[in-house]
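Asker: Show me how the following folds:
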Amino acid sequence: MTPARGALPDPGEWVDLYGDLLFRYALTRVADPELARDLVQEALLAAVQARGSFSGRSAPATWLVGILKHKIIDHFRRTAREAPSDGRDPEPDLFEPDGRWRAGPQQWRTDPALVMDRHEFWRALRGCLAELPPRQAGVFVLRELEGLETGEICQVFGVTPTNAWVLLHRARLGLRQCLERAGFRAAGEESSR
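Answerer: Here you go, the predicted model:
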């Protein structure tokens, strides 16, 4: 049974109570099971060290996810310093020299909000995030999954707002191509799955 808001259970119970939730949260953001486990362990260790600061104004799970979110941001901050070039620019494959789409994005068969609830979509998204250059994946995760503002992303990655938007744009293009290859195709197209 999950403790109610305000009651922090014994740290020895945290893995049983919150481990799966924390792992799923991390895995959807970093796309690497080993890294997700490491981040969860870091978050739990930080929570044990900070348990005296738990005020009880939120549920323990919410508090732990908040700590994990900061560990994920720290991970992207570290990898941003270590990451090599973001690789090949996908734009020439997608756009004409004058900026028009070569073949514009297709309409999805189903409402994207409904697709987001499907386990297979999250599995495909994790795989596609893993294929992106690390900085692009990091910017996408922080913006679209964590909801960080451009200024915060710029601080994490040490980039200008223009560079952050270029990274986000390239990530979206790369994810679109990858998700289409994974079978998330437009209405009227045949799925390869």
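Asker: For burial, what's the neighbour tally of L132?
Answerer: Counted by other C-beta atoms under 10 Å, the residues lying close to L132 total 23. Glycine gets a C-beta too; all of them are placed from N, C-alpha and C.
Asker: for A50, that is, sorry about that
Answerer: 11.
Asker: domain assignment for this protein?
Answerer: With domains defined by automatic domain parsing, the chain comprises 11-82, 91-181.
Asker: I'd like these laid out as CSV, including mean pLDDT.
Answerer: Listed next are the domains of the chain as CSV, based on pLDDT from 0 to 100:
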stretch, mean pLDDT
domain 11-82, 90
domain 91-181, 80
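Asker: For G56, which three-state class applies?
Answerer: Of the three states, G56 takes coil under DSSP: H, G, I helix; E, B strand; the rest coil.
Asker: For whichever strand or helix holds A36, C-alpha coordinates in PDB please.
Answerer: For A36, the host element (DSSP states H and E) is helix 33-50. Extracted in PDB, the C-alpha atoms of helix 33-50 (Å, rounded to 0.1, in the frame of the first residue of the first chain):
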ATOM      1  CA  PRO A  33      17.700   0.600 -19.000                       C
ATOM      2  CA  GLU A  34      21.100   0.600 -17.300                       C
ATOM      3  CA  LEU A  35      21.300   4.400 -17.200                       C
ATOM      4  CA  ALA A  36      17.700   4.500 -16.000                       C
ATOM      5  CA  ARG A  37      18.600   2.100 -13.100                       C
ATOM      6  CA  ASP A  38      21.700   4.200 -12.200                       C
ATOM      7  CA  LEU A  39      19.700   7.400 -12.200                       C
ATOM      8  CA  VAL A  40      17.000   5.800  -9.900                       C
ATOM      9  CA  GLN A  41      19.800   4.600  -7.600                       C
ATOM     10  CA  GLU A  42      21.300   8.100  -7.500                       C
ATOM     11  CA  ALA A  43      17.900   9.600  -6.800                       C
ATOM     12  CA  LEU A  44      17.100   7.200  -4.000                       C
ATOM     13  CA  LEU A  45      20.500   7.800  -2.400                       C
ATOM     14  CA  ALA A  46      19.900  11.600  -2.600                       C
ATOM     15  CA  ALA A  47      16.400  11.100  -1.100                       C
ATOM     16  CA  VAL A  48      17.800   9.100   1.800                       C
ATOM     17  CA  GLN A  49      20.300  11.900   2.500                       C
ATOM     18  CA  ALA A  50      17.600  14.500   2.200                       C
END
